[in-house]
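Peer 1: just a sequence and a predicted model for now, questions to come.
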Amino acid sequence: MNLMKRFVFLLLPFVLIGHLNAQIIPDLSSVNNEKIWNVYNRIVNFDKAENAIQFNAQPLDGVVWVKDLSFGDGVIELDIKGSDHQGRSFVGIAFHGLDEETYDGIYFRPFNFKSPERNSHSVQYISHPEKTWSYLRSNFSEQYENPVIPVPDPNDWFHAKIEIVYPHVKVYVNNSEIASLEIEQLSDRKTGWIGLWAGNNSDGAFKNLVIKKSK
């Protein structure tokens, strides 16, 4: 075996391991490139200082979808920033999307993080278009929303990790080993689009998006 072949042979296990644990890190700076992102019901800009995508606030939900990416099981991690503005800060991730209005999602209400009366409504699962937050709260009280552990600053960046092994979803905040929310998905979609999400009349910011696909 010549030196070059031996070198390649020794490297091969590391190449395979890297492939199996490949991370997808979308280029947030290209958010206004229609070939890479699909922006729905928001105006978005890239903040160079923060290396983050900024959403404007406007009526109804808005999503920035990563084009040409199908996601099934795996892990989604990112940093999110909302605000302590009651009823005006809803920020999170849409996944297993079929179209602009059909998807599952996990989102946060930062204005509830530190409120003793409302902190049980800090992190929420949804399955649009039918299983909205109001439908779930009315029909499955406290099953699809929870407090966040540990409690972040509602006006600062916090880290979110969403683990998905259909139909099981776990949500972790700020590198906690304790899940803030554990649910089973209500949709029958096992794969679909991924997008950054903001709710009705909400702005928000997102950075450090990392997607790890297990299938």
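Peer 2: Thanks, I have the structure now.
Peer 1: in the chain, which residue is closest to the centre?
Peer 2: Against the mean C-alpha coordinate of the chain, by C-alpha atoms, centre = their mean, the closest residue is Ile93 at 2.8 Å.
Peer 1: sheet partners, orientation included, of the helix or strand where it lies?
Peer 2: In this structure, Ile93 is located in strand 91-99 according to DSSP states H and E. Next to strand 91-99 in the sheet, as set by DSSP bridges, lie strand 102-108 (antiparallel), strand 193-198 (antiparallel).
Peer 1: pretty sure the residue nearest to the centre of the chain sits against Ile106.
Peer 2: Yes. Counting by C-beta atoms under 8 Å, Ile106 is a contact partner of Ile93 at 5.5 Å. No exception for glycine: its C-beta is placed from N, CA and C like everyone else's.
Peer 1: list residues touching both of these two?
Peer 2: Ala160, Ile162 (C-beta atoms under 8 Å, 6 or more residues apart in numbering).
Peer 1: can you give me the helices for the protein?
Peer 2: Remark: helices assigned in the chain by DSSP state H are 3-20, 133-139.
Peer 1: mean pLDDT for those: which is lowest?
Peer 2: Confidence, taken as mean pLDDT, is least for helix 3-20 of those (a mean of 36).
Peer 1: buried residues in stretch 49-56?
Peer 2: Residues of stretch 49-56 classed as buried: Ala52, Ile53, Gln54, Phe55 (neighbour count, 16 or more other C-beta atoms under 10 Å).
Peer 1: again with stretch 30-37
Peer 2: Buried residues in stretch 30-37, counted by 16+ other C-beta under 10 Å: Val31, Trp37.
Peer 1: let me see the mean pLDDT of that stretch.
Peer 2: Mean pLDDT, stretch 30-37: 97.
Peer 1: what's that stretch in contact with?
Peer 2: Counting by C-beta under 8 Å, 6+ apart, Pro26, Asp27, Val39, Val44, Asn45, Phe46, Ile53, Val64, Trp65, Val66, Lys67 sit against stretch 30-37.
Peer 1: filter the residues you listed down to just the ones in strands.
Peer 2: Within the contacts of stretch 30-37, residues falling in strands by DSSP state E are Val39, Val44, Asn45, Phe46, Ile53, Val64, Trp65, Val66.
Peer 1: tell me which residues touch the last one, please.
Peer 2: In this case it means Val66. By C-beta under 8 Å, 6+ apart, the contact set of Val66 is Pro26, Ile36, Trp37, Trp193, Ile194, Gly195, Ile211.
Peer 1: out of the strands paired with strand 91-99, which is the most enclosed?
Peer 2: Sort the strands paired with strand 91-99 by mean neighbour count, taking mean count of other C-beta atoms under 10 Å, and strand 193-198 sits at the top with a mean of 27.
Peer 1: alpha carbons of it, in CSV - could you do that?
Peer 2: Coordinates of each C-alpha in strand 193-198 appear next as CSV, following Å, rounded to 0.1, in the frame of the first residue of the first chain:
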residue,chain,number,x,y,z
TRP,A,193,-39.9,22.2,5.9
ILE,A,194,-38.1,24.1,8.6
GLY,A,195,-38.5,27.8,9.3
LEU,A,196,-38.0,30.6,11.7
TRP,A,197,-41.4,31.7,13.1
ALA,A,198,-43.0,34.8,14.6
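Peer 1: thanks a lot, see you next time.
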